[in-house]
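Asks: Next come a sequence and a model predicted from it.
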Amino acid sequence: MTDSLQTDSPNPDSPTVELVVTGFANGGAGVARGDDGRVVFVAGALPGERVRARIDERKAAFARASAVAVLEPSPHRIDPTCPAAAAGAGCCDLSYVSADYARELHAGVLADVLTRIGGFGADAPPMPEVTRLAHGADGSVPDTGWRVRTRLAVDADGTVGVRARGSSRLITVPCAAPVEGLLADAEALGARPGSELVLAMGSDGRRHAAELAPAAAGRRGARGGRRASAQRARHGAGAPRSTRLLDGAADVTQTVGGHTWRVPVTGFWQAHRDAPATYGAAVRRYVGGLDAPVGRGLRVWDLYGGVGVLGAALLDGDLAVDGIDLVETDPGALAAADRALDGAPVTAHRGDTAAVIGGLRAPDVVIVDPPRRGAGAAVIAAIAAAGPRAVVHVGCDSAAFARDLRDWVAHGFRVTDWQGFDAFPGTHHMEAIALLESP
Ligand SMILES: C[S@@+](CC[C@H](N)C(=O)[O-])C[C@H]1O[C@@H](n2cnc3c(N)ncnc32)[C@H](O)[C@@H]1O
């Protein structure tokens, strides 16, 4: 069978090669070896497949390629569940893989980075499984229609869509990840050419939309080129961009457990509609299961805490909580936390985690949920010096998660449980959570 694939290559004229894929890498590419022995990361290819691939980039130690035709397909390959990805968009890069097998691939990637980067071996718990996020009374979860917030690109003529993988081509076929109604009439909202359209769905079913003005001119030329500039934009780095409300209200209502937040449309909220409740339950289970009570209410740090949803999960059960110090850089998130957690024993601190924690009362338990880059060795050393007996570490980048866990172990912490979540179905992304205890 030869199955041609829709891909945009940064190097459309580069030659194609035939490759046999033997592994799967963090980042979502199949792993093969070229004729010269160099490792080739092949986007759009699965272990066991023989593919024809176009080389996109050659480095000294490895190359990157995109599968353009499948010569021998994996039995796990399916028709893409995301029409935008099928048309070449970079959104649901694993939507051509059966959902069960995608979770196997995630678990393999997590085990690989925990072993190779984290240095974990036989004395660690069994490698984590990657499970679906439960939804609805029967626990069933579709692997599409899960995303409650998204950003769309707006072209020079006002057309709205997602960018193709590897190029700036706009794809207007809708992505399958957003929850029903999130993309409704997106083009009619009137986002201006060159802006981005931010769409968010509240847990009350109300859709909100805001236009994010183009990134300041000059930033595109900043270090790292277009890819790094797009990353900075996605991760909110750089000068603040002005927003204009196009639909709904400025704040999105989100209810989790016993608390209701009003989160700014462009503010951080977990992408999967069931993620906040799922991670909150994991945090509550981990902290509730600690066997030596401290003899008083727990003192908790909720670091990189956003609106405080993970710390607040500890207030929902029968745990005695003395106080939660919530640390976050985004003033909008902290204002939302103040409103939602008014009357709860939560104190919000605005600032960089590294700078703020030195002034806080020593914690019993620390929740750490950093951005993709991870918390890093310096922050982990500072938290460890404050002497918590347990840490719940949350990570959305597997390699950074493994690196951070390695740093906890260097400070005498032991991983006593960990788990992975298929929190971005149809994509190579996943979330992982670990419980670490001090000796
Ligand atoms: C992955 S989100 C987690 C938010 C929250 N725990 C939740 O589940 O909704 C990471 C958060 O860290 C914040 N952040 C990024 N860098 C930070 C820093 N250096 N210090 C404190 N917060 C930071 C971001 O604004 C974002 O809200």
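Replies: Noted; the coordinates are in hand.
Asks: Give the next helix or strand downstream of the helix or strand of the chain with the lowest mean pLDDT.
Replies: Each helix and strand of the chain was given a mean pLDDT (mean pLDDT, DSSP states H and E); the minimum falls on helix 225-234 at a mean of 48. Following helix 225-234 in sequence order, the next helix or strand is strand 243-247 (DSSP states H and E).
Asks: ok, residues contacting the helix or strand that that next one is followed by?
Replies: Following strand 243-247 in sequence order, the next helix or strand is strand 251-256 (DSSP H and E). Here strand 251-256 makes contact (C-beta atoms under 8 Å, 6 or more residues apart in numbering) with 200-204, 206, 208, 260-265, 269, 276-277, 280, 309, 312-313, 336. (Each C-beta comes from the backbone N, C-alpha and C, glycine too.)
Asks: Could you spell out the sheet neighbours of strand 251-256, each with its direction?
Replies: strand 259-264 (antiparallel) (DSSP bridges).
Asks: Not counting the partner strand itself, show me its contacts.
Replies: 200, 250-255, 269, 307, 309, 312, 315-316, 332-333, 336-337, 339-341.
Asks: quick check: angle from that strand to strand 243-247?
Replies: Angle, strand 259-264 to strand 243-247, by axes from the mean of the first three to the mean of the last three C-alpha atoms, to 10 degrees: 120 degrees.
Asks: Just the CA trace of strand 259-264, in CSV.
Replies: Output of strand 259-264 as CSV, limited to C-alpha atoms (Å, rounded to 0.1, in the frame of the first residue of the first chain):
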residue,chain,number,x,y,z
HIS,A,259,-15.1,26.6,43.5
THR,A,260,-16.0,28.9,40.6
TRP,A,261,-13.4,31.0,38.9
ARG,A,262,-13.8,33.9,36.5
VAL,A,263,-10.7,33.6,34.4
PRO,A,264,-9.7,36.3,31.8
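Asks: max-length strand in the chain?
Replies: In the chain, taking DSSP state E as the definition, the longest strand is strand 62-72.
Asks: Now it: buried residues?
Replies: Ala63, Arg64, Ala65, Ser66, Ala67, Val68, Ala69, Val70 (16 or more other C-beta atoms under 10 Å).
Asks: swap in stretch 321-339?
Replies: Result for stretch 321-339 [16+ other C-beta under 10 Å]: buried residues 321, 323-328, 330, 332-337.
Asks: Between the two ends of that stretch, how far is it?
Replies: 19 Å (C-alpha to C-alpha, to the nearest Å).
Asks: what helix or strand is the closest residue to Asp369 other than its chain neighbours on?
Replies: Nearest non-adjacent residue to Asp369, counting by C-beta to C-beta, 6 or more residues apart in numbering: Val394, 4.0 Å away. Under the criterion of DSSP H and E, Val394 resides in strand 390-395.
Asks: for the record, mean pLDDT for that strand?
Replies: In this model, strand 390-395 carries a mean pLDDT of 98.
Asks: any idea how far the next helix or strand after that strand is from the chain center?
Replies: Reading on from strand 390-395 to the C-terminus, the next helix or strand found by DSSP H and E is helix 398-410. Averaging C-alpha positions (C-alpha atoms, centre = their mean, to the nearest Å) puts helix 398-410 17 Å from its chain's average.
Asks: pLDDT of the very next helix or strand once past helix 398-410, averaged?
Replies: Once the chain leaves helix 398-410, the next helix or strand it forms, by DSSP H and E, is strand 414-421. In this model, strand 414-421 has an average pLDDT of 98.
Asks: Next, the angle from strand 414-421 to helix 398-410.
Replies: 170 degrees.
Asks: before we move on, back to that, quick check: the farthest pair among the buried residues of stretch 321-339?
Replies: Val321 and Gly332 (24.8 Å; C-beta to C-beta).
Asks: which parts of the chain sit against the ligand?
Replies: Contact residues (C-beta under 6 Å from any ligand atom) of the chain with the ligand: 268, 270, 304-306, 309-310, 327-330, 333, 352-353, 369, 371.
Asks: So which of these belong to strands?
Replies: Val327, Glu328.
Asks: Farthest pair within the residues of the chain next to the ligand?
Replies: Largest pairwise distance in these, by C-beta to C-beta, is 21.6 Å, between Gln270 and Asp352.
Asks: With neighbour numbers in mind, choose between those two.
Replies: Between Gln270 and Asp352, Gln270 has the larger neighbour count (other C-beta atoms under 10 Å), namely 23 against 11.
Asks: contacting residues for the more buried one?
Replies: Gln270 sits in contact with Pro276, Tyr279, Val309, Ala423, where contact means C-beta under 8 Å, 6+ apart.
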